[in-house]
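Undergrad: Here is a sequence together with a model predicted from it:
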Amino acid sequence: MSVAISVAISVSVDSRPPLRFFNTLGRRLETFEPLEAGQVRMYTCGPTVYAAPHIGNLRTFLFEDLLRRTLRWFGYRVEQAMNLTDVEDKIIAAAQRQGVDIATYTDPHIAAFFCDLGELAIEPAEHYPRATDHVADMIAMIEALVGRDCAYQADGSVYFRIGSFAEYGRLSGVDLTQARRGERVADDEYGKDDARDFVLWKAAKPGEPSWSSPFGPGRPGWHIECSAMSKALLGETFDIHCGGVDNIFPHHENELAQSECANGTPFVRYWLHAEHLLVDGEKMSKSLGNQYTRSDLVARGIAPRALRYLLLSVHYRHQLNFTFDSAATASAALERLDQMRYRLDNARTLDTTTADDLVEAGRRFEQHFATALADDLNVSGALGALFSFSHEVNRRVDQGVTVAERAAVVATLESADRVLGVLDAGAWRQREAPGGGPGVGDDEVEALVAERTAARGRRDFAEADRIRDRLAELGITLEDGPTGTRWRRS
C-alpha cells in the first residue's frame, strides 16, 4: 500500500503548475510569487461579532479556507490571521440596547463563529486577533500618520487625510476628485464611491467604551483595526489579503492608504475578493426572511457537509445563488461519492498485481485537479475532475480491483480532500437503517446475500424475493450481474 500511496501523492507534488490568482489590485490574473519562498502570509477579514454569521459570510470564509488549503496542498507553509472585530458602531449600539458591556455582548457571537468553523471543517488560522487586544498598536499607527501629516485632529477625533495619498482609489477604482476639502465621515462605513476623509480615532461619547490616547479618550475606527493587527502579526508587507467584494470600498481601500502612508512600504501584494451570495435570486435581508445561518439550515435538514460543498461549488468570483433545491443537489452529489467509496471498499479483490488502470486514472485526476486549482481556484473544474474519476472507479469496481489500485484510489481521494474537505469516511462505512435504527452489519448482509444466492440456485424464488425484501428494509440494494450479486447501502 505504501508504494501506491507514494505514487499517487507524488503526482500532485511533482507535476503541479504555477498558481495564478485574479488580483483585485490591477484587475488581472497574476502568477503567484510569495515574498518568501515556500511561505505565505495571509490576512483574511473575519466577522464583526454582533450577530451569528449568515451564509453569505460563511461563503467568504469557505473561499478563504479553500485558498488556504490549496496553498498548503501546493506545498506552501501558510501563516493566516483572521481578525475578530469586537468593537465598532453596530456592536456598541447593540450592547447598549441590552445594557451590557461589549465583551459580554460579543463573547457568545465569537463562540458561535468558532462553532460554525468547526462544523464546516474550516481549518483554523494561526491567529485570531481581537480588535480590543490591539488598541495600543492602533494608537501607534495613528501617531505615525499624524507625524507624517497624513492625519489630523478635529473635534476630539483623528481623521485620515485622503489627499495625502496620491494613489487613493487604485484598489477600488474610486475617483479621488469626488472628495471636497474638509469633508469628513465619522461613521465606520459610508456610501459607495463617496471618498472622504475617514475617522481613525473617535472621541469618547457618554456610555461608550473608550481608551486613553495622546489624542484624548476615545476608541479606534473600524478601518485602522485591520491595518494595525495585520502589521503586528504579519509585518508591514505581506502576500495575500482576502474578503468579500463589499470590503473593497471603503474598508480595504482605506486599509491600503493608511498602511502605506504609516509604514512607507507596500502593504499587500495580492488582493482576492469573493462575490456576493444570493438567496432564491435575491439579496439576503432580514426583511425578506432569507438571511440564514448555519444552524437555521441544519434545523431544516441540510447537513454541514452538504452546505460546505454547496458554498464551495461555484467559483469565488461568481455570484452564488442559494436555494433549497441546490442544497438537495449538493447532498445528492456527496451521496454519489459515498456510494463510489463504499463500492470500492467492497469490490472483489483481483488476485493479480498487473492491473493498474485505476492507478493511472488517479494520476490523470490529480493532474487535472491541480491544473484547475492553479487557475485562480477553478473549483468547478476540480469537482468535474473528481466526478470523472469517480465514474472511472465505479466502472472498474464491477470487474474487481487489485490491492494496489484500491490503495491508490484511497490515497488519491484523501489527497484531494485535503483541499475540498467534503469526503466523509463515516458516511460510507456506517449507514443507518431506514427509520434511524442501527444499521445491519456487513457480515449479516453477506450471510443474507449468500442465503439468497443459494435459494436462487435451488430455484426457490419466493425465498429469494423474501430475502431481497428483507435487505431492502435494512437499506441494502442488490445488484445482480454476470459475476454474482453485489450489494450497497441505499
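TA: The structure has been received and is ready for your questions.
Undergrad: Look at residue 355 and report its pLDDT.
TA: Turning to residue 355, the model gives it a pLDDT of 71.
Undergrad: Distance check, it against residue 361.
TA: From residue 355 over to residue 361 the distance is 12 Å, taken as CB to CB, to the nearest Å. C-beta: built from backbone N, CA, C; applies to glycine.
Undergrad: Touching, residue 307 and residue 122? I think so.
TA: No - Residue 307 lies out of contact with residue 122 (CB atoms under 8 Å); the separation is 11.6 Å.
Undergrad: So the two - more neighbours on which side?
TA: Neighbour tally, residue 307 and residue 122, criterion other CB atoms under 10 Å: the higher count belongs to residue 307, 25 against 21.
Undergrad: where's the more buried one, which helix or strand?
TA: Using DSSP states H and E, residue 307 maps to helix 304-312.
Undergrad: ok, then the element right after that helix?
TA: The helix or strand immediately downstream of helix 304-312 is strand 320-322, counting by DSSP H and E.
Undergrad: Please name every helix or strand in contact with whichever helix or strand comes after that next one.
TA: Taking DSSP H and E as the definition, the helix or strand that follows strand 320-322 towards the C-terminus is helix 324-346. Taking 3 or more CB pairs under 8 Å, 6 or more residues apart in numbering; DSSP states H and E as the contact definition, the neighbouring helices and strands of helix 324-346 are helix 304-312, helix 379-397, helix 403-420, helix 425-429, strand 484-489.
Undergrad: what do you get if the cut-off is 7 Å, keeping everything else the same?
TA: In terms of contacts (3 or more CB pairs under 7 Å, 6 or more residues apart in numbering; DSSP states H and E), helix 324-346 is packed against helix 304-312, helix 379-397, helix 425-429, strand 484-489.
Undergrad: Identify all contacting residues around that helix.
TA: 302-303, 305-306, 309-310, 313, 390, 393-394, 397, 401, 406, 409, 422-423, 427-428, 488-489 (CB atoms under 7 Å, 6 or more residues apart in numbering).
Undergrad: Same question for stretch 450-466.
TA: The set of residues external to stretch 450-466 that reach it, using CB under 7 Å, 6+ apart, is 467, 468, 485.
Undergrad: Between the two ends of that stretch, how far is it?
TA: Taking CA to CA, to the nearest Å, stretch 450-466 runs 13 Å from one end to the other.
Undergrad: got the buried residues for it?
TA: When neighbours are counted by 16 or more other CB atoms under 10 Å, the buried residues of stretch 450-466 are found to be 452, 455, 456, 464.
Undergrad: Same check on stretch 30-47?
TA: For stretch 30-47, a neighbour-count test (16+ other CB under 10 Å) marks 32, 34, 40, 41, 42, 43, 44, 45, 46, 47 as buried.
Undergrad: what's residue 217 in contact with, if anything?
TA: By CB under 7 Å, 6+ apart, the contact set of residue 217 is 204, 210, 211.
Undergrad: To clarify, my last question referred to residue 102.
TA: With contact taken as CB under 7 Å, 6+ apart, residue 102 is in contact with 86, 87, 91, 92, 95, 209.
Undergrad: on that earlier part again, what subset of the contacts of helix 324-346 is buried?
TA: Those of those that meet the buried threshold are 302-303, 305-306, 309-310, 313, 390, 393, 397, 401, 406, 409, 422-423, 427-428, 488-489, by 16+ other CB under 10 Å.
Undergrad: one step back: filter the contacts of residue 217 to the buried ones?
TA: Burial by neighbour count, judged by 16+ other CB under 10 Å, picks out 204, 211 from the contacts of residue 217.
Undergrad: which of the contacts of residue 217 lies closest to residue 241?
TA: Distances from the contacts of residue 217 to residue 241 were compared by CB to CB; the smallest belongs to residue 211, at 25.9 Å.
Undergrad: Grab the nearest non-local neighbour of the closest one.
TA: The shortest distance from residue 211 to any residue that is not its chain neighbour, by CB to CB, 6 or more residues apart in numbering, is 5.0 Å, and that residue is residue 135.
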